[in-house]
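[1] Structure, please.
(one chain, ligands or ions: 1)
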Amino acid sequence: MTTLTNESLCALAMSEGRNWMPFTANRLVNGRGDHRVVASAKGPYYTMADGKTVFDTLSGLWCTPLGHGNPRIADALRQQAETLDFAPGFQMTHAPAVTLAARIAKMAPEGLEHVFFANSGSEAVDTALKIAIGFHKLKGEGGRFRLIGRERGYHGVGFGGMSVGGIVPNRKMFATVMVPGVDHIRHPYDHAHVAFSKGQPEWGAHLADHLERLVALHDASTIAAVIVEPVQGSTGVLVPPVGYLQKLREICTKHGILLIFDEVITGFGRMGENFASQRFGVTPDMITFAKAVTNGIIPMGGVIVTSEIYKTFMNGPDAAIEFAHGYTYSGHPMAAAVAHTVLDIMEEKGTNAAVRALEPILEEEVHALQDLKSVKDLRNIGLTAAIELNPLSDKSALRSVQLFERGLEEGVLLRVTGDTISFGPPFISTPDQIRGMTAQVRKVIISCEKDF
Ligand SMILES: Cc1ncc(COP(=O)(O)O)c(C=O)c1O
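    Numbers count the residues shown, from 1 in each chain. Down below sits the predicted model:
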């Protein structure tokens, strides 16, 4: 273990690029040494290898809302490892997975009653897309093969999720191998109409009608499912206009198309309800989840489906496998045990209510940055927010590196993508920590304004 954490070995391995890092400018990070290495974490703070402590403004990657280093979760892991560390999930199961599925179904909107486990958001999304295709085939509508995503959507990096995703740089290298038959509706963001909205913009419900145009173009009989994030997270917190998700629901229902809400970010409290679906009062046919369900401590994802979908699959000879799909680690007992503890803690702490109490504070704090000259837009909903800066054509990438690095110096770990800084602080944050975060961010932006 000593050798694994030895600092000089770490530096050597970095300089050689041994760890090819995901979604990373590897050469840049490897050249930064200690500056970009995290050593430990406690509560809403990380400690970097150079000793600096930084506030976790995005709850990891939207996944650690209870903060870090919770001893109860560590205990749950140890106890489960001592009781049942692994069991095959094919043709058998175990109590942690079965009871967790029942618990998650109970937390979900009415009608969503069965859970299929995966290990990540990407796997959850690909599972949901395959369920949609299988569902229609089993109902004798095998012609429904099209999947509709949305511009600027992020649904992970599997072939399915990548294809329905709409973040252009993620697609470019793989444009030739996208899943066939996929199309995208337009995203619901229009700066001219919704800039500086607090919560849901009033303008824009009509943009959901774009789905009708795709239905007309392709014919409903060829479309299996529409997948959207209720709030588009990775592209920089795009909040659905009032009535927009309701319209998508109506159009899908009218044409027999399944509606999938990708709640990998919004699930388990980020919107002040168990699921964003409950916050917005719109029930999809499937919900994908991951991240917060285990507080990011051990990978887990899944899909919650309606009983109609589940029953459609539960057909044919009793001994036949109904859905030829699954992962070695689906419903992993360690992940399920952690998820139970995480949900216990969320219930006891009342994190949904905590998010609702913090939401107006985050809103006020973020919108107070409107006076900064480089700010183009500010938006927020639940315990999420985004600051969009004026684009700098050829210098945006350089500025985003500088924002990140100045953030570390100032004491905040920032998630900067292009011209946008996104926020999803831990649910356990105090109002003062939220205020401290935005004060630090103000300093970082002002400092970068001097250079760009
Ligand atoms: C909405 C959404 N779907 C899917 C994913 C992919 O999840 P993972 O990285 O766990 O595969 C993400 C990740 O951020 C996400 O935000």
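
[2] The residue of the stretch 251-400 of the chain found nearest the ligand sits in which helix or strand?
    Among all residues of the stretch 251-400 of the chain, Val264 sits closest to the ligand, at 3.5 Å; criterion: C-beta to the nearest ligand atom. To be clear about C-beta, it is placed using only N, CA and C from the backbone, and glycine gets the same treatment. In the assignment (DSSP states H and E), Val264 maps to no helix and no strand.

[3] for it, what are its contacts?
    Contacts here follow C-beta atoms under 8 Å, 6 or more residues apart in numbering; on that basis Val264 touches Trp62, Gly121, Ala124, Val125, Gly156, Glu229, Gly233, Thr288, Phe289, Ala290, Lys291, Gly301.

[4] pLDDT, distance to the ligand and secondary structure for the residues you listed - can I get that in a markdown table?
    A markdown table is the format used below for these (pLDDT from 0 to 100; distance: C-beta to the nearest ligand atom, whole Å; DSSP: H, G, I helix; E, B strand; the rest coil):
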| residue | pLDDT | distance to the ligand | secondary structure |
| --- | --- | --- | --- |
| Trp62 | 98 | 6 | helix |
| Gly121 | 98 | 2 | helix |
| Ala124 | 99 | 7 | helix |
| Val125 | 99 | 5 | helix |
| Gly156 | 98 | 3 | coil |
| Glu229 | 98 | 5 | coil |
| Gly233 | 97 | 5 | coil |
| Thr288 | 99 | 7 | strand |
| Phe289 | 99 | 9 | strand |
| Ala290 | 99 | 5 | coil |
| Lys291 | 98 | 6 | helix |
| Gly301 | 98 | 6 | strand |
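
[5] of these, closest to Lys373?
    Gly233 (26.9 Å; C-beta to C-beta).

[6] For Thr222, see how far away the closest one is.
    29 Å (C-beta to C-beta, to the nearest Å).

[7] More neighbours: which of these two?
    Between Gly233 and Thr222, Gly233 has the larger neighbour count (other C-beta atoms under 10 Å), namely 25 against 14.

[8] Give me the nearest residue to that one, chain neighbours excluded.
    Distances taken as C-beta to C-beta, 6 or more residues apart in numbering put Ile265 closest to Gly233, at 3.9 Å, once the chain neighbours are dropped.

[9] Surely that neighbour and Lys291 touch.
    Yes: the pair Ile265 / Lys291 is scored as a contact, 6.6 Å apart, by C-beta atoms under 8 Å.

[10] Which parts of the stretch 51-200 of the chain are strands?
    Counting by DSSP state E, counting those that start in this stretch, the stretch 51-200 of the chain has strands at residues 53-56, 112-118, 146-150, 182-185.

[11] so which of those strands is the most packed in?
    Of all the strands of the stretch 51-200 of the chain, strand 146-150 has the most neighbours on average by mean count of other C-beta atoms under 10 Å, namely a mean of 26.

[12] so what strands line up beside that one?
    Here strand 146-150 is paired, per DSSP bridges, with strand 182-185 (parallel), strand 223-228 (parallel).

[13] Any chance of TSV for those strands, columns mean pLDDT?
    Formatted as TSV, these follow (pLDDT from 0 to 100):
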stretch	mean pLDDT
strand 182-185	98
strand 223-228	98
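
[14] Figure out which of the ones you listed is closest to the ligand.
    Closest approach to the ligand among the strands paired with strand 146-150 is made by strand 223-228 (9.2 Å; C-beta to the nearest ligand atom).

[15] List of residues touching the closest one?
    For strand 223-228, contacts defined as C-beta under 8 Å, 6+ apart pick out 125, 128-129, 132-133, 135-136, 144-150, 153, 155, 164, 185, 211, 214-215, 245, 248, 252, 255, 257-262, 285-286.

[16] Spit out the contact partners of Phe289.
    Ile104, Gly121, Ala124, Glu263, Val264, Gly267, Phe268, Phe275, Gly301, Gly302, Val303, Ile304.

[17] just curious, which of those is nearest to Pro88?
    The closest of the contacts of Phe289, once distances to Pro88 are taken by C-beta to C-beta, is Gly302, at 17.7 Å.

[18] Assumed that closest one was part of a helix.
    No: using DSSP: H, G, I helix; E, B strand; the rest coil, the assignment for Gly302 is strand, not a helix.

[19] I'd guessed Asp183 sits against Ile148; true?
    Yes: with contacts counted by C-beta under 8 Å, Asp183 reaches Ile148, the gap being 5.5 Å.

[20] overlap in contacts of the two?
    In contact with both Asp183 and Ile148: Leu214, using C-beta under 8 Å, 6+ apart.

[21] about what we covered before: tell me which of the strands of the stretch 51-200 of the chain sits nearest to Val441.
    Distance to Val441, taken as C-beta to C-beta, is lowest for strand 53-56 among those, at 9.8 Å.

[22] That closest one - which strands sit beside it in the sheet, and in what orientation?
    If you go by DSSP bridges, strand 53-56 pairs up with strand 45-48 (antiparallel), strand 412-413 (parallel).

[23] could I get the ones you listed as CSV with distance to Phe55, mean pLDDT and mean neighbour count?
    Output for the strands paired with strand 53-56, formatted as CSV (distance: least, C-beta to C-beta, whole Å; pLDDT from 0 to 100; neighbours: other C-beta atoms under 10 Å):
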stretch, distance to Phe55, mean pLDDT, mean neighbour count
strand 45-48, 6, 97, 17
strand 412-413, 5, 98, 23
